[in-house]
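J.: below is the sequence, then the predicted model.
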Amino acid sequence: MKVNAKLNNLRIAPRKSKLVADLIKGLDVLEALDQLEAHVKRTSPHMKKLLLSAIANAENNFGLDKNNLYVFEARIGAGPTMKRWMPKAFGRAGEILKRTSKIEIILEERVEGKNRKTKEEMEAEMKKREKERKKEEKEQKETQEKSSKDSDKKGGEERAKKETPNKGWAKKIFQRKSM
């Protein structure tokens, strides 16, 4: 089964992005992540994020095992080109083309159907995640309520101190219009 993820209008020239795409074609997903982590090109972090998105699509939408996936294809295309002008000598102007890239990563299974989850397993896992998320949200609300009550007590005391007028020589200094 093939799974894809797309990135449009990346502000890096396709010619430069293609170098990174050729690096990961045919690699297992985990090896490709390692390669992208170690590579120093400007496209690498964007490709890594896109690859992680494709892996998440495979796991969550189709129930595929990420250890069984590899990068089947990494397509790089030209996106829209922004045109800018650079002033030149004798009143002329030269055109600058700021190119953008469209990237598509396609993942495929090495062994068809290996460790694939059924729809029932995926639904059960989603329900379990939903329960855990609700439980965590409830705990966060409780801790926020406790902290807000504590801050209200402290805040009231601080406000009372600030509302008392300043007495003494400092009040006279700061009320003057000029020194």
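T.: Perfect, I can see it now. Predicted model only: the values in this text are computed from it and were never measured.

J.: report the central residue of this protein.
T.: Central residue of the chain (Cα atoms, centre = their mean): residue 49, 6.8 Å from the mean position.

J.: and that residue, what is it in contact with?
T.: Shown in contact with residue 49 (Cβ atoms under 8 Å, 6 or more residues apart in numbering): no residues. In short, each C-beta sits where N, CA and C put it, glycine included.

J.: give me the phi and psi for it.
T.: phi -60, psi -40 (degrees, to the nearest 10).

J.: what separates it from residue 55, distance-wise?
T.: 11 Å (Cβ to Cβ, to the nearest Å).

J.: got any ranges where this structure has weak pLDDT?
T.: Residue ranges of the chain with pLDDT under 70: 152-174, 176-179.

J.: okay, helices next: where are they in it?
T.: Using DSSP state H, the helices of the chain run over 14-24, 29-38, 44-62, 119-163, 169-175.

J.: ok, which of those comes nearest residue 6?
T.: Across the helices of the chain, residue 6 has its closest neighbour in helix 44-62 (7.9 Å, Cβ to Cβ).

J.: just the C-alpha atoms of that closest one, please, in CSV.
T.: What follows is helix 44-62, C-alpha atoms only, in CSV (Å, rounded to 0.1, in the frame of the first residue of the first chain):
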residue,chain,number,x,y,z
SER,A,44,16.7,18.5,5.2
PRO,A,45,14.6,19.7,8.2
HIS,A,46,11.6,20.3,5.9
MET,A,47,12.0,16.9,4.3
LYS,A,48,12.3,15.3,7.7
LYS,A,49,9.1,16.9,8.9
LEU,A,50,7.4,15.8,5.7
LEU,A,51,8.7,12.2,6.1
LEU,A,52,7.4,12.1,9.7
SER,A,53,4.0,13.3,8.5
ALA,A,54,3.9,10.5,5.9
ILE,A,55,4.8,8.0,8.6
ALA,A,56,2.0,9.3,10.8
ASN,A,57,-0.4,9.1,7.9
ALA,A,58,0.6,5.4,7.3
GLU,A,59,0.2,4.5,11.0
ASN,A,60,-2.9,6.4,11.8
ASN,A,61,-4.9,6.2,8.6
PHE,A,62,-3.9,2.8,7.3
